[in-house]
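# sequence first, predicted model second:
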Amino acid sequence: MSARDRSALDIASLDDTAARVNGIAWERVSRDLDAHGSALIERLIQRAECEALAAVYPFDDLFRSRVVMERHGFGRGEYKYFSYPLPDAIAGLRSTLYPHLAPIANRWNQAMRIDIRYPDRHAMFIERCHAAGQLKPTPLLLQYGADDYNCLHQDLYGEHVFPLQVAILLSEPERDFTGGEFVMTEQRPRMQSRPHVVPLRQGDAVVFAVHHRPVHGTRGVYRVNLRHGVSRVRSGHRHTLGIIFHDAA
């Protein structure tokens, strides 16, 4: 990696990550997650930081693996999982977002009568993952070109799963690419799947359910199943940063 490229990565170190994350209207995020299974956080990352993060995609020394989606039937496009130690920007987002999401995750599990509870600090949850043999970091960069897409899926990876994750759009719609919408589907019992599109601009983040969420019905709380993906990119290139809080086996 050249000095210029290393400098670009330094721009994306997000020194004020904690202040940005603490300034989010978390009560509103919690309400949106309860109502829809997803919540939009606008302008979490600035344009220069987005471009610096996207620019590290070619540098394989930062990553543990590369996945070409078409080879596995996942869609079209590709992504890379970061290796440990994570870049400061990624590690900072992971550790500062988690404490705000853990209470929501615990409340959801309680409502769904799931016994698992999540600790206050992300490092403690990662210790739980590692003790169970889930040692591989899961934050990733995704890269799409024209006609690429991501099939509906769930990022589970092992026994220990944190039920919320975050995706941050690093490219600008209509300038860098067209199409490529973030899509979710929700399957309720005895009903057809309901689609949900989250409109994102460059630097926006979406927090969303990994697997299922509680819904209040006439007979109490029940679980609904969710999947997420990306619609076909019609032109240009699209980069996304994914923050998954559990590690993989």
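That came in fine, so what should we check first?

# show me what the longest helix anywhere in the chain is packed up against.
Counting by DSSP state H, the longest helix found in the chain is helix 88-111. Packing partners of helix 88-111 (3 or more Cβ pairs under 8 Å, 6 or more residues apart in numbering; DSSP states H and E): helix 17-22, helix 26-36, helix 122-131, strand 164-169, strand 212-217, strand 238-243. The C-beta positions use only the backbone N, C-alpha and C, and glycine is treated the same way.

# got JSON lines for those, with distance to V67, mean neighbour count and mean pLDDT too?
Output for the helices and strands packed on helix 88-111, formatted as JSON lines (distance: least, Cβ to Cβ, whole Å; neighbours: other Cβ atoms under 10 Å; pLDDT from 0 to 100):
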{"stretch": "helix 17-22", "distance to V67": "27", "mean neighbour count": "16", "mean pLDDT": "88"}
{"stretch": "helix 26-36", "distance to V67": "28", "mean neighbour count": "16", "mean pLDDT": "97"}
{"stretch": "helix 122-131", "distance to V67": "20", "mean neighbour count": "16", "mean pLDDT": "98"}
{"stretch": "strand 164-169", "distance to V67": "16", "mean neighbour count": "24", "mean pLDDT": "98"}
{"stretch": "strand 212-217", "distance to V67": "24", "mean neighbour count": "17", "mean pLDDT": "92"}
{"stretch": "strand 238-243", "distance to V67": "12", "mean neighbour count": "22", "mean pLDDT": "98"}
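
# who wins for proximity to P137 among these?
helix 122-131 (9.1 Å; Cβ to Cβ).

# next one: that closest one to chain centre, how far?
In terms of Cα atoms, centre = their mean, to the nearest Å, the centre of helix 122-131 is set 18 Å apart from its chain centre.

# what's in contact with it?
Identification of contacts with helix 122-131 by Cβ atoms under 8 Å, 6 or more residues apart in numbering yields 94-95, 98-99, 102, 118-119, 135, 158, 160, 162, 245-247.

# how about the residue nearest to the spatial centre of the chain, what does it touch?
Nearest to the mean C-alpha position of the chain, by Cα atoms, centre = their mean, lies V166 at 2.8 Å. By Cβ under 8 Å, 6+ apart, the residues touching V166 are L93, L97, A205, V206, V207, F208, G242, I243.

# any idea what the third one is bridged to?
In this structure, A205 bridges to I41, I168 when assessed by DSSP bridges.

# quick check, it in contact with I168.
Yes: the criterion here is Cβ atoms under 8 Å, and A205 meets it with I168 at 4.5 Å.

# which residues are common contacts for these two?
L44, I45.

# any idea how far D60 is from K80?
Per Cβ to Cβ, to the nearest Å, D60 is found 8 Å from K80.

# okay, and the common contacts of those two?
Contacts common to D60 and K80, judged by Cβ under 8 Å, 6+ apart, are R66.

# which stretches of this structure have low pLDDT?
Filtered on pLDDT under 70, the chain yields the residue ranges 1-15.

# just give me the longest strand of it.
Among the segments of the chain that qualify as a strand by DSSP state E, the longest is strand 220-230.

# in the helix or strand just after that one, what's buried?
Counting by DSSP states H and E, the next helix or strand C-terminal to strand 220-230 is strand 233-236. Going by neighbour count (16 or more other Cβ atoms under 10 Å), the buried part of strand 233-236 is V233, G236.
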